[in-house]
Every structure is written in C-alpha cells, then in structure tokens.
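**Q** Got a sequence here, can you build the structure:
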Amino acid sequence: MAVVVMGVVNVTPDSFSDGGRWADTDAAVAHARQLVAEGADIVDVGGESTRPGATRPLVSEELDRVVPVIEALAADGTRVSVDTMRAEVAAAAVAAGAAWVNDVSGGLADPAMLATVAATDATYVAMHWRAHSDRMQDFTSYPRGVLDVVDELRDRIEAARTAGIGAERLVVDPGIGFAKTAATNWEVLARLDELAVLGHRVLVGVSRKSFLGALLADPDGTPRPPLGRDLASHAVTLALLDRPCLWGVRVHDVLGTRDVLSAWERVKR
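**A** This next block holds a predicted model:
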C-alpha cells in the first residue's frame, strides 16, 4: 500500500516551522491548495501551536482560525483533517467538512473528545502524549523505551474503542518530539515496527522537529533552523519506508516527500 502523505497547514501566528506565514484564512487556503497540487493526500489544518513552551489559544480563536479554512478546502473536494485537542473544535471542524480528527493528546486533553468523535464518521488519529507543551519536557522518562509508548498508546486505543470509535476509524501516532528526548525519538523510530502489535495504521510526523535541528547543529551547538531540516526529514521518511506498519507521514514539504516516494518506488520496481 502506498504511503499516505498528510500536508501540514498551521493557521497560527507562532508555529515553530513557518513562523505564522499561513496565519490568515486566505494565505492558509492558498497554501493548502498548493500542498494538494504537490501531492498531499490529506491536508491537516491546525489552529494551535504544539511547539515546546507554547501557550494555548482561546477556543474561539482556534475556531476562527480553522473553520473557514476547512470550509473552503472541503468545498474543493479536498480530504481535510483538523489538528486539535478540543472536542468543540473537532465537532465544528467535522461539521465544516473535515473527515479526520488528528488529536495530539489522544483524548487526554479533553474528556469529551472521544465521545464527540464517536458521534461522527471521522477517522481519529490518537497520538502518544503526556502533557501540554508548556510542561511536556517534564515527562521524558521511559524506563522501558518504546514499550512504554506502545503501552500508553494501547490505553488510548482502548479508551477510543470504549467510547464507540470503530477500529477501522483509528490511526496511531508515536508522538515524535512530544515529551521525549532526542535519544527517545531516535529509539522510537528505530523500533517503529514494535507499534505493529497495536493492530492499527501508524502515522509518523518528524518533519522539521527539534531533534533534527540538534542532529544538524553547528559546531558551536546552535541547532539548525526549522526550514533547514527538510532534507533530514526526508531521510527519516526514506528510512521508514520498508517498515510494514507505516501507513502515513505528516510533513511540511509535500513536494520533496513525493520526490522521495517516487524515487524509492521506482528503485523497488
């Protein structure tokens, strides 16, 4: 099965990756359309930055950011995901045309999220998560490494199933960069196939994240800025393509990702 490419559209003024370039509706819609033209299978629209240390917007702010963008893209026939931890935003986004709810908290941030998604037909992405951005680096201990991630994701799957979300509507994400040190991120990627025991599709998002910035740091230790991390992001994607559990990748550079996939598929043939 071909790997699904989910393109990122941050409708936020404080995104770590693009500094708010797509913070207004028209710019975000235009950017999303460009990602679709470049080969995005799904466009993931988010109105809350989840970078380390980020503060949360008001619910009304998040709604104002994402709903008009989703409405415009859904009218185009685009497959749209909403990147949110809030049940109210998820419900409004699905009503506006989103077919996916990408919840980086896996239902932990809002106790109403799972029941809200269960009442829709949306596919639900449950990511591994331990705390909000302002505190997540206080929760980076994994005595059993990737096995802790697997067990905690299993708990979220069980909660989602209990709420009424069917197995066919579930996707899991190991949460690269969330409440994890760089070493833990690399371990999870190296042992990604251990998530196969969960029995669900696996989405991975490494694009432009800080552990890549640290890997590519200058000799003085200054991390590589986010826009300079795309080649490393693509290298990780390439390294994961032989993992049977991999279903999709969440990326900023859709065109570059498509180039990688096309070349890899041609070599494999």
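**Q** ok, which stretches of this protein are strands?
**A** Under the criterion DSSP state E, the chain contains strands at 4-10, 42-46, 80-83, 100-103, 123-127, 170-173, 201-204, 246-251.
**Q** Could you figure out how far the longest one is turned away from strand 246-251?
**A** Relative orientation of strand 4-10 with respect to strand 246-251: 30 degrees, computed using axes from the mean of the first three to the mean of the last three Cα atoms, to 10 degrees.
**Q** I'd like the strands of the chain written out as TSV, with mean neighbour count, distance to Thr116 and mean pLDDT added.
**A** Every residue, glycine included, has its C-beta placed from N, CA and C. As requested, those are arranged in TSV below (neighbours: other Cβ atoms under 10 Å; distance: least, Cβ to Cβ, whole Å; pLDDT from 0 to 100):
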stretch	mean neighbour count	distance to Thr116	mean pLDDT
strand 4-10	25	21	97
strand 42-46	26	17	97
strand 80-83	28	12	98
strand 100-103	27	8	98
strand 123-127	26	10	98
strand 170-173	23	15	98
strand 201-204	23	20	98
strand 246-251	23	22	98
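**Q** Out of those, which gets nearest to Ala179?
**A** Distance to Ala179, taken as Cβ to Cβ, is lowest for strand 123-127 among the strands of the chain, at 10.6 Å.
**Q** centre of the chain versus that closest one, how much separation?
**A** Mean-position distance between strand 123-127 and its chain equals 9 Å (Cα atoms, centre = their mean, to the nearest Å).
**Q** List the strands paired with it, with their directions.
**A** strand 100-103 (parallel), strand 170-173 (parallel) (DSSP bridges).
**Q** is it possible to export those to CSV including distance to Ala118?
**A** What follows is the strands paired with strand 123-127, written out as CSV (distance: least, Cβ to Cβ, whole Å):
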stretch, distance to Ala118
strand 100-103, 11
strand 170-173, 11
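**Q** Pro52: which of the ones you listed is closest?
**A** Comparing the strands paired with strand 123-127 by Cβ to Cβ, strand 170-173 comes nearest, at 17.3 Å.
**Q** re earlier: just so I know, which of the strands paired with strand 123-127 lies nearest Arg86?
**A** The nearest among the strands paired with strand 123-127, by Cβ to Cβ, is strand 100-103 at 8.9 Å.
**Q** So which residues of this structure form helices?
**A** If DSSP state H is used as the criterion, the helices of the chain fall at 25-38, 59-76, 87-96, 113-118, 146-163, 182-190, 210-215, 230-240, 254-268.
**Q** Just send the ones you listed back as CSV, with distance to Gly175, mean neighbour count and mean pLDDT too.
**A** Formatted as CSV, these follow (distance: least, Cβ to Cβ, whole Å; neighbours: other Cβ atoms under 10 Å; pLDDT from 0 to 100):
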stretch, distance to Gly175, mean neighbour count, mean pLDDT
helix 25-38, 23, 18, 96
helix 59-76, 20, 19, 96
helix 87-96, 18, 22, 98
helix 113-118, 16, 22, 98
helix 146-163, 7, 17, 98
helix 182-190, 8, 17, 97
helix 210-215, 12, 19, 97
helix 230-240, 15, 18, 98
helix 254-268, 20, 15, 97
